[in-house]
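**Student:** output the structure for:
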Amino acid sequence: MTVTQQRRGRKIMMTPGELDDFLTTQRTCRVATISADGAPHVSTLWFAWDGRSMWLYSVVRSKRWTDLRRDPRVAIVVDTGEEYDELRGAELSGTVEFVGEIPRIGELRAELDVPEMLFARKNFHLEEMPHDGRHAWLRLTPEKVVSWDFRKLAGQ
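**Tutor:** So this is what the prediction gives:
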């Protein structure tokens, strides 16, 4: 994964390994899309991280899906922490790709084997991905990543 070199906040940015660990263990992200009228739209989703791409399993009859079909540019934030010195997160941005059948009904698709296993284990504690015929896959291989870990300020 390519991590954008941050101009500001270098002291608190995550290393590639820290970022990978963070994205692998977190469940929830906020997805920002652009509505037809140009206004931003933000929604929450579970995701899977495969070490290179973020995989989103989205309802295909959602505003988010409609927005991304029209304009696939997206910004996604994953963050955690309550107190200032606990805040950690990352913003990933780029263009999503639609992967697999729409909606997903479980056709064999080798490129979905890993994200479906990761997603099912992390979010459902299952070994196989359940398919409901309402969701489909989006993949973001980020073009830009900005991260922060305010816990790193404690040593200064």
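
**Student:** every contact and neighbour count from this point should use C-alpha atoms.
**Tutor:** Will do.

**Student:** any idea how far the most centrally placed residue in the chain is from E86?
**Tutor:** When the chain is reduced to its mean C-alpha position, the closest residue under C-alpha atoms, centre = their mean turns out to be M54, at 4.4 Å. To E86, M54 is 24 Å away according to C-alpha to C-alpha, to the nearest Å.

**Student:** same check, this time on E111
**Tutor:** For E111, the distance to E86 - C-alpha to C-alpha - is 36 Å.

**Student:** who has more neighbours, the two?
**Tutor:** In this view E111 and E86 are compared by other C-alpha atoms under 10 Å, and E86 has more residues nearby, 14 against 10.

**Student:** T33 is in contact with A75, correct?
**Tutor:** Yes - the pair A75 and T33 qualifies as a contact (C-alpha atoms under 8 Å) at a distance of 7.0 Å.

**Student:** more crowded one of those two?
**Tutor:** For A75 and T33, the more surrounded residue by other C-alpha under 10 Å is T33, and the numbers stand at 24 against 20.

**Student:** in the sheet, who's paired with the more buried one?
**Tutor:** Beta bridges link T33 to H41, judged by DSSP bridges.

**Student:** which regions of this protein sit below the pLDDT cut-off?
**Tutor:** Along the chain, segments meeting pLDDT under 70 span 1-9, 155-156.

**Student:** in it, which spans are strands?
**Tutor:** Counting by DSSP state E, the chain forms strands over residues 28-34, 40-49, 54-59, 73-80, 88-99, 135-140, 144-149, given from the N-terminal end onward.

**Student:** among those strands, which is nearest M117?
**Tutor:** Comparison of those against M117 by C-alpha to C-alpha identifies strand 40-49 as nearest, at 9.2 Å.

**Student:** quick one: buried residues of the closest one?
**Tutor:** Burial within strand 40-49, assessed by neighbour count using 16 or more other C-alpha atoms under 10 Å, is assigned to W46, F47, A48, W49.

**Student:** list the helices and strands the lengthiest helix in the chain packs on?
**Tutor:** The single longest helix within the chain, with elements called by DSSP state H, is helix 16-25. Packing partners of helix 16-25 (3 or more C-alpha pairs under 8 Å, 6 or more residues apart in numbering; DSSP states H and E): strand 40-49.

**Student:** elements contacting the strand it packs on?
**Tutor:** Counting by 3+ C-alpha pairs under 8 Å, 6+ apart, the elements that strand 40-49 packs against turn out to be helix 16-25, strand 28-34, strand 54-59, helix 63-70, helix 113-119.
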